[in-house]
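1. show me the folded form of this:
(one chain, ligands or ions: 2)
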Amino acid sequence: MEENVTPELGAEQMLEAAHAARPEGKKVFVKTYGCQMNVYDSQRMSDALAADGYAPTDRIEEADLVLLNTCHIREKAAEKVYSELGRIRQLKEERGRDGRETVVGVAGCVAQAEGREILRRAPAVDLVIGPQTYHRLPAVVRRALGGEKIVETDYAIEDKFEHLPAPQKKAVRSRGVTAFLTVQEGCDKFCTFCVVPYTRGAEVSRPVAQIVAEAERLAAAGVREVTLLGQNVNAWHGEGADGREWGLGELLFRLAEIPGLGRLRYTTSHPRDMDDALIAAHRDLDKLMPYLHLPVQAGSDRILKAMNRKHTGDDYRRLIDRIRKARPDIAMSGDFIVGFPGETDADFEETMRLVRDVTYAQAFSFKYSPRPGTPGADLDDQVPEGVKDERLQALQALLTEQQRAFAAALVGRTMDVLLEKPGRQAGQRVGRSPWLQPVIVDEKAGEIGDIVSVRIKEAGTNSLFSEPVS
Ligand code: 5AD
Ligand code: SF4
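-> Ligands and ions are numbered 1, 2, ... in the order given. Reported below is the predicted structural model:
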């Protein structure tokens, strides 16, 4: 008889085997709000739960565990979570009548900021877990299954990244050819409008070796483009392989050496932390995409000061000049807030002037929303909603015009596109330009994961349309 030799299984294969052996296993539904870091965190939570037999589902009705990964940056985001929790309560009751238990958890920044208050306002919730304690999630879920109501929002002393499982190869494959990688978390800048320093805590950088190992793993699983994430990603620092202190620029040079990774990006940056090495990386690294999200928030020096941004409008303009000198084709992106307390028409005009000076390929703009616990919320002189509305409209009209002009200028040009997924129509694929725009490409151009050269023939509202280059 043939001997049945089972090769030793690595942790990852054992996980996959466990899944295979449990086709009727439990299911987890994760809904993600807010920023890309939440997207990354949600994936890592799913990976951590996989070890406990939870398979991800995108159908909430069949989920044994429902997790909302929440955002607290503006008021509406938190309110959306509470109304979603109302709907989930009904679902939980319906499932309960069928004898099926549903554990409901709230993670993310609303969890961190509101803690126990969530249990009071939303009785369907079983567990509340803040971003610093995700590595404890499987244990917390087990306790919730035992009937406990749990609030885990302390700042863990242990490094959560060390205790979270690395991204699983199988999961990575199903997630596609682009991936996020958190390298830095938290913020010490304390802009007076922002909750992040309170919800995500002080700035923490992950060590170089951990980041390189994760990036190599992603590349080995077929990922072609990695976006480094951090609330203040260009404040990242760590001891390099050469024993020197590295900044994000040096880290990017190191990551560019990893075979298979064709493209690197990073977000979100603060103007005060754009150092020479990072600008040099934009000049020298072909793999670093010519796109920079560098929020300025406002154009008036008086408002920038009140926001505690620690730079002026002209500091920002000079910085953009230096970056464009290093990388002339770089696309600028930004965030803007209109109606910060005390903002006059003249202050707002300064924002419009700055936008005209810089010209953005893309941008996000928001009405100021007072966040409890931040200094801005206590300022007199809050701007009336109607005024905020008008300013937002004017700003968005200008930004949309710039975005269109940027896209239109690409028509007729040849560029590299990373093919990411099938298109909506047969025979098409959707890729991304170096400047982050979706590009519709003929499927004959290449396979998903390929970086192909195409010519842009038309710029639509949200996408570019391409033709093959002969
Ligand atoms: N009100 C409005 N917008 C805000 N942002 C952060 N806090 C607030 C707030 N209280 C915006 C900033 C930031 C982006 C992520 O969200 O523009 O860069
Ligand atoms: Fe918030 Fe300012 Fe920190 Fe950005 S830099 S996360 S806006 S406090």
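2. how many neighbouring residues does the residue in the chain that ligand 1 sits nearest to have?
-> Scanning the chain for the residue nearest ligand 1 gives Asp335, at 3.3 Å (criterion: C-beta to the nearest ligand atom). To be clear about C-beta, it is placed using only N, CA and C from the backbone, and glycine gets the same treatment. Taking other C-beta atoms under 10 Å as the neighbour definition, Asp335 ends up with a count of 14.
3. up against ligand 1, what does the stretch 201-350 of the chain have?
-> For the stretch 201-350 of the chain, the residues found near ligand 1 under the criterion C-beta under 6 Å from any ligand atom are 295, 297, 335, 337.
4. remind me which residues of this protein are low pLDDT?
-> Counting by pLDDT under 70, the chain contains low-confidence residues at 1-24, 157-158, 173.
5. find the residue at the geometric middle of it.
-> The structure's the chain has its C-alpha centroid closest to Gln36; by C-alpha atoms, centre = their mean the separation is 1.1 Å.
6. surely that one is in contact with Val226?
-> No - in terms of C-beta atoms under 8 Å, Gln36 does not count as a neighbour of Val226; the distance is 12.0 Å.
7. what is in contact with the two at once?
-> Residues within reach of Gln36 and of Val226 at once, by C-beta atoms under 8 Å, 6 or more residues apart in numbering, are Phe180.
8. by proximity to ligand 2, which residue of the stretch 1-150 of the chain wins?
-> Among all residues of the stretch 1-150 of the chain, Ile73 sits closest to ligand 2, at 8.2 Å; criterion: C-beta to the nearest ligand atom.
9. from Gln393, how far off is that residue?
-> Shown here: Ile73 relative to Gln393, a distance of 21 Å by C-beta to C-beta, to the nearest Å.
10. these two: who's more crowded?
-> Of the pair Ile73 and Gln393, Ile73 is the one with more neighbours under other C-beta under 10 Å, namely 20 against 12.
11. OK, contacts around the more buried one?
-> For Ile73, counting by C-beta under 8 Å, 6+ apart, the contacting residues are 34-35, 109, 194-196, 371.
12. at 10 Å instead, please
-> Contact analysis of Ile73 by C-beta atoms under 10 Å, 6 or more residues apart in numbering lists 33-35, 109-110, 193-196, 199, 366, 369, 371.
13. now, of those residues, which are buried?
-> 33-35, 109-110, 193-196, 199, 366, 369, 371 (16 or more other C-beta atoms under 10 Å).
14. now render the residues you listed as a markdown table, adding secondary structure.
-> Formatted as a markdown table, the buried ones among the contacts of Ile73 follow (DSSP: H, G, I helix; E, B strand; the rest coil):
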| residue | secondary structure |
| --- | --- |
| Tyr33 | coil |
| Gly34 | coil |
| Cys35 | coil |
| Cys109 | helix |
| Val110 | helix |
| Phe193 | coil |
| Cys194 | coil |
| Val195 | coil |
| Val196 | helix |
| Thr199 | helix |
| Phe366 | strand |
| Ser369 | coil |
| Arg371 | coil |
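15. now, which of those residues lie close to ligand 2?
-> Filtering the buried ones among the contacts of Ile73 for neighbours of ligand 2 using C-beta under 6 Å from any ligand atom leaves 194, 196.
16. which residue does the stretch 351-470 of the chain have closest to ligand 2?
-> With distances taken as C-beta to the nearest ligand atom, the stretch 351-470 of the chain approaches ligand 2 most closely at Thr374, which sits 8.9 Å away.
17. who are the neighbours in contact with that residue?
-> For Thr374, the contacting residues are 190-198, taking C-beta under 10 Å, 6+ apart as the criterion.
18. restrict the residues you listed to those near ligand 1?
-> Restricting these to those within reach of ligand 1 (C-beta under 6 Å from any ligand atom) leaves 193-194.
19. the buried ones among the contacts of Ile73: which two are farthest apart?
-> Checked with C-beta to C-beta, the buried ones among the contacts of Ile73 reach their widest spread between Tyr33 and Phe193, with 18.8 Å between them.
20. contact residues of the stretch 51-200 of the chain facing ligand 1?
-> Within the stretch 51-200 of the chain, the residues that sit near ligand 1 (C-beta under 6 Å from any ligand atom) are 73-74, 193-194.
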